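Participant: Could you work out the structure for the sequence below:
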Amino acid sequence: MLAPLVLVACSSGGSPGGEGRSTRATGGATSEPAPDTTSGIEDTGDIEADPARLPTSRGEALEFIDRIIADPASFGPDVTMRSPYESDPATWPVLGTDCVWEQKKPLSSVLATRSRSFEVPAADGKGPVRLSAVVTVHRSREGAQWEMAESVEETMRCPTQQLQKGELIGSLVAAALPQGEGGQVNSADALTEIGQYRSSTLGGPFPYVWQQAQIFRFTVAVTGKGAKGRTEEELDKLTNQAQAAMLLRLKSDVEKQS
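Facilitator: Numbering: from 1, shown residues only. Purely as a prediction, here's the structure:
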């Protein structure tokens, strides 16, 4: 069970909304500080990072993301790539004051970010499950921490959110687990958001889940949107498996070698 930092239960009204966010917007400073290459067990979950293995340029950060981000097999069998598969790394999803997600230029505090889209195709009378994964490299640990904090604020500010045109999420409940609480040892901080998903083409409401974790100055996130005949348990299994795979890859990639 999650020990919530904040719980927000909201009505899901409004019209069905669109294609799906890949990550969260983040605030904080817009200056361009040098990447934080300090290490520490308290900053990286249960590992110690090697400063020499941390990305310090946009090119290195994009290569790092390619090694970490989920692929179809990370979620399990029968998961396929959607088109477009990868987001434009020059764009960054931002939740506007009208609670509608839009694409903008990433903040200067973000070194690099990328998302991928997946699907469990419709079969046996069940609808398609839409999935996504995202990895973001911040220039500093504080930037990643700010992204996590603002994610909770967004749920409170926008209890109902329009994704891309034709998709809506609502009835959102957000919970946070810092490292060491509730048995959470896989990251410095972890967030989960659950709610209801509606689509103008698929119908609804269906289960919705979003997970995000922070290790050092990195965040990794997965999203699952249910469909006809799909259970919450099925959605949880898909997203949990992909999130765990990315966290393991991240730790292996930056961990100090003995």
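
Participant: Wait, residue 127 touches residue 225, no?
Facilitator: No: judged on CB atoms under 8 Å, residue 127 makes no contact with residue 225 at a distance of 9.9 Å. Heads up, the C-betas are built off the backbone N, CA and C, glycines and all.

Participant: So the two - more neighbours on which side?
Facilitator: A count of neighbours by other CB atoms under 10 Å puts residue 225 above the other of residue 127 and residue 225, at 29 against 21.

Participant: residues touching the more buried one, list them.
Facilitator: 20, 129, 130, 131, 167, 197, 199, 206, 208, 235 (CB atoms under 8 Å, 6 or more residues apart in numbering).

Participant: now it: how far from residue 201?
Facilitator: As judged by CB to CB, to the nearest Å, residue 225 and residue 201 stand 12 Å apart.

Participant: same question, residue 70
Facilitator: 25 Å.

Participant: Equivalent analysis for residue 121, please.
Facilitator: 15 Å.

Participant: quick one on the thing from earlier: next step: the contacts of residue 225 restricted to helices.
Facilitator: The members of the contacts of residue 225 that map onto helices under DSSP state H are residue 235.

Participant: which pair in the contacts of residue 225 spans the largest distance?
Facilitator: For these, with distances taken as CB to CB, the pair at the greatest spread is 167 and 235 (15.5 Å).

Participant: follow-up on the earlier one: higher neighbour count, residue 70 and residue 201?
Facilitator: Shown here are residue 70 and residue 201; by other CB under 10 Å, residue 70 has more neighbours (26 against 10).

Participant: Each with direction, which strands does the host helix or strand of residue 214 pair with?
Facilitator: Per DSSP states H and E: residue 214 is located in strand 203-215. Next to strand 203-215 in the sheet, as set by DSSP bridges, lie strand 189-199 (antiparallel), strand 218-225 (antiparallel).

Participant: Can you check which of these gets nearest to residue 248?
Facilitator: strand 218-225 (10.5 Å).

Participant: so what's the residue nearest to residue 205 when sequence neighbours are not counted up against?
Facilitator: Excluding the flanking residues, the one nearest residue 205 by CB to CB, 6 or more residues apart in numbering is residue 196, at 3.8 Å. Each residue near residue 196 by CB under 8 Å, 6+ apart is listed here: 12, 169, 170, 171, 204, 205, 206, 207, 208.

Participant: and of those, the nearest to residue 111?
Facilitator: Of all those, residue 111 sits closest to residue 169, with 28.1 Å by CB to CB.

Participant: Name the SS class of the closest one, please.
Facilitator: At residue 169 the chain is in strand, as set by DSSP: H, G, I helix; E, B strand; the rest coil.

Participant: Can you tell me who the most centrally placed residue in the chain pairs with across the strands?
Facilitator: Residue closest to the mean C-alpha point of the chain, counted by CA atoms, centre = their mean, is residue 221 at 2.3 Å. On the basis of DSSP bridges, residue 221 is bridged to residue 134, residue 212.

Participant: What distance do you get for residue 159 to residue 99?
Facilitator: Residue 159 sits 8 Å away from residue 99, going by CB to CB.

Participant: So which of these two has more stuff around it?
Facilitator: Comparing residue 159 with residue 99 by other CB under 10 Å, the one with more neighbours is residue 159, at 20 against 16.

Participant: coming back round to it: out of the strands paired with strand 203-215, which is closest to residue 104?
Facilitator: Proximity to residue 104, assessed across the strands paired with strand 203-215 by CB to CB, is greatest for strand 218-225 (17.6 Å).

Participant: C-alpha coordinates for the closest one, CSV please?
Facilitator: Provided in CSV are the C-alpha atoms of strand 218-225 (Å, rounded to 0.1, in the frame of the first residue of the first chain):
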residue,chain,number,x,y,z
PHE,A,218,17.1,11.3,-13.4
THR,A,219,13.4,10.6,-13.6
VAL,A,220,11.8,7.7,-15.3
ALA,A,221,8.0,7.3,-15.8
VAL,A,222,5.4,5.0,-17.3
THR,A,223,1.8,5.5,-18.2
GLY,A,224,-1.0,2.9,-18.7
LYS,A,225,-4.4,3.6,-20.2
